[in-house]
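Asker: Sequence and predicted structure are below.
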Amino acid sequence: LLGPDARIPVGYRTLDLRRWLHRGIDTWVCAAGFCMKALLLSGSRTTATVSYYHSHLPYLFEYLAGSEQTHGAPTASAPSRLSPLHVQHFIGWLKMRAQAEGWRPGSTRNAYKASKAVLVEMFAQGLIPGQPSRFFPRGAVSWRYGESSQTSLSHAEQERLAKAVKADLVDIHHGRLT
């Protein structure tokens with residue numbers, strides 16, 4: 001695809017998805033391959049980044065291939081049939097798998113982000129209709145198990161921050177920078 005002179009910083013030169021064919025998700029496999037190729041040819045992603053996506057796609061494929069049997073979720077038979085509910089089920093499936101297999105905290109997020117990147121490209125290519133923002137809620141997968149990656153300020157911290165900002169604004173208004 002990229003020619004013999006392409007700089008590929010990973011240990012392999014082929015992104016092979018053939019093992020996922022003939023499992024009832026061929027349309028998904030072909031769409032993912034098309035989108036990874038489009039990302040590489042456009043130059044919008046490096047080969048290392050697309051290889052990273054490729055290495056995490058098996059989670060999405062495994063979910064799609066077995067979603068109806070494993071947890072009763074309706075199967076999205078093709079990218080054009082994907083709904084926000086499918087994405088929510090996939091996120092839940094990833095979290096359950098991570099907990100059952102004792103993944104490191106960031107592993108779930110990495111699998112989700114890589115799958116999401118390919119799905120977003122499917123939106124860009126017109127393979128999935130709709131607005132991606134409806135499908136991917138912010139903060140859906142945190143860095144830590146059961147916790148947000150950010151914490152809110154306490155009431156006392158909010159008050160101290162507000163006072164500090166006001167004091168700086170007053171100093172700036174009077175021509176003094178502190």
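Answerer: Perfect, thanks for sending it.
Asker: In terms of helices and strands, where is the residue sitting nearest the centre point of the chain?
Answerer: Nearest to the mean C-alpha position of the chain, counting by C-alpha atoms, centre = their mean, stands Lys113 at 2.0 Å. Here Lys113 sits within helix 105-124, counting by DSSP states H and E.
Asker: Could you list every helix and strand that that helix packs against?
Answerer: Here helix 105-124 touches helix 26-42, helix 47-71, helix 84-101, helix 132-135, going by 3 or more C-beta pairs under 8 Å, 6 or more residues apart in numbering; DSSP states H and E. (C-beta placed from N, C-alpha, C; glycine too.)
Asker: between those, which one is nearest to Met122?
Answerer: Closest to Met122 of the helices and strands packed on helix 105-124 is helix 26-42 (C-beta to C-beta; 5.6 Å).
Asker: What are the buried residues along the closest one?
Answerer: Using 16 or more other C-beta atoms under 10 Å as the test for burial, helix 26-42 gives Thr27, Trp28, Val29, Cys30, Ala31, Ala32, Gly33, Cys35, Met36, Ala38, Leu39, Leu40.
Asker: hmm, back to that, can you tell me which residues contact the residue nearest to the centre of the chain?
Answerer: His56, Val141 (C-beta atoms under 8 Å, 6 or more residues apart in numbering).
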